[in-house]
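>>> Compute the structure for the input listed below.
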Amino acid sequence: MSGSVTDGVLSSSSELMSFSDQGQNLAGIFFQASLLPYLAFLYFLGFRGNRTPALGNFGWQFLLLFVLSTIPSGIVSKGNYGVSLADCDWLHGSAEALLTITNLLIVAGFRNASTKSEQPEINKPRLAALGAAAAFFGACFT
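The predicted model follows:
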């Protein structure tokens, strides 16, 4: 094999394996341990007897999208720029924008529920949030 082909294969495999050690460090262990309790929280939050506002419930679900978005953005920052996600401003800021959208959805959902007797339409905020997430993922992979 030529050197450039070998270098390309090694480079791509190191990019894929750049986060393989995360399961063994403390942050990886906490992430793995927290996923099931958070999914249980979402399940019980969505229970009809809790009367959780639909937009607020969607906000808590959208938090998972923020968490999952940090994984590919971390891989892109490490593989393409050779730095951690915290050092790649445009990727880190974009991922944090998803967290801001999460906070806005939760606050708007519970604010509307506490001030109005009927629930507002949630399709517009939901579509806007999912559009922002799609734009983020599109920016990561182009």
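
>>> Not counting its own residues, what contacts stretch 42-52?
57, 60-61, 64 (CB atoms under 8 Å, 6 or more residues apart in numbering). Bear in mind the C-beta positions are built from the backbone N, C-alpha and C, glycine included.

>>> Report the mean confidence score over stretch 130-142.
Mean pLDDT, stretch 130-142: 81.

>>> what does stretch 59-73 give?
Stretch 59-73 shows a mean pLDDT of 88.

>>> quick one on the thing from earlier: now the buried members of the contacts of stretch 42-52.
Buried subset of these (neighbour count, 16 or more other CB atoms under 10 Å): 57, 60.

>>> Secondary structure and distance to residue 97 added to the contacts of stretch 42-52, as JSON lines?
Listed next are the contacts of stretch 42-52 as JSON lines, based on DSSP: H, G, I helix; E, B strand; the rest coil; distance: CB to CB, whole Å:
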{"residue": "57", "secondary structure": "helix", "distance to residue 97": "21"}
{"residue": "60", "secondary structure": "helix", "distance to residue 97": "18"}
{"residue": "61", "secondary structure": "helix", "distance to residue 97": "17"}
{"residue": "64", "secondary structure": "helix", "distance to residue 97": "16"}
